[in-house]
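In: The amino acid sequence is not available; the structure is as follows:
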């Protein structure tokens, strides 16, 4: 099984896969038809192919099967715990692919927030809405430890069931290495009249 960090990276490998994961992230099991109803702009064949990849990768699991007119209808849900997608996809992606994946991830967050703002009543403070960004200086090992700590804290709550007083909430984490200190210093010299 993959480490939590590689799992997080794998989840944004493909825009359609990420949208499927977000659809299941509302905590409600779905059939393939239910998923298609939520994502009507995704071609059925594409949707089923990516759903199959996510099941094979252990991210989504079959939680029930029912016979419907001679066929087996499966109900799916997010699997709690570790999961992985086929190795090599992230490494093989071009910088343009990475930017497209991240843009799709950011767009999904914007869509989630826009959905919240369309409610009849919003109260960001009472609803515990937050989005913050900060910078910390960490070694690769320290960054991995922080990611593991965050994932562990999140994973402890992933299995909570819908109940009165509980609201489905979307949490997202992003870690992006900053500029190399030597590049920052060089950039500062350029702005002070240095030569390139």
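Out: Sure thing, it's come through. It should be emphasised that the depicted structure is a prediction, and the values quoted were computed from it without experimental measurement. Numbers count the residues shown, from 1 in each chain.

In: Can you show me the strands along the protein?
Out: For the chain, applying DSSP state E gives strands covering 30-31, 60-68, 71-78.

In: Kindly reformat those strands as JSON lines containing mean neighbour count.
Out: Bear in mind the C-beta positions are built from the backbone N, C-alpha and C, glycine included. Output for the strands of the chain, formatted as JSON lines (neighbours: other Cβ atoms under 10 Å):
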{"stretch": "strand 30-31", "mean neighbour count": "18"}
{"stretch": "strand 60-68", "mean neighbour count": "13"}
{"stretch": "strand 71-78", "mean neighbour count": "15"}
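
In: Please render those as a markdown table that adds distance to residue 122 and mean pLDDT to the earlier fields.
Out: What follows is those, written out as a markdown table (distance: least, Cβ to Cβ, whole Å; pLDDT from 0 to 100):
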| stretch | distance to residue 122 | mean pLDDT |
| --- | --- | --- |
| strand 30-31 | 26 | 93 |
| strand 60-68 | 31 | 89 |
| strand 71-78 | 26 | 90 |
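
In: Could you report the neighbour count for residue 177?
Out: Number of residues near residue 177 (other Cβ atoms under 10 Å) recorded here: 8.

In: try residue 35
Out: Neighbourhood size, residue 35 [other Cβ under 10 Å]: 19.

In: isn't it right up against residue 51?
Out: Yes. Here residue 35 reaches residue 51: they are 6.8 Å apart, a contact under Cβ atoms under 8 Å.

In: Tell me, how many residues neighbour the nearest residue to residue 146 once chain neighbours are set aside?
Out: Distance criterion Cβ to Cβ, 6 or more residues apart in numbering; nearest residue to residue 146, sequence neighbours excluded, is residue 138 at 6.6 Å. Counted with other Cβ under 10 Å, residues neighbouring residue 138 total 14.
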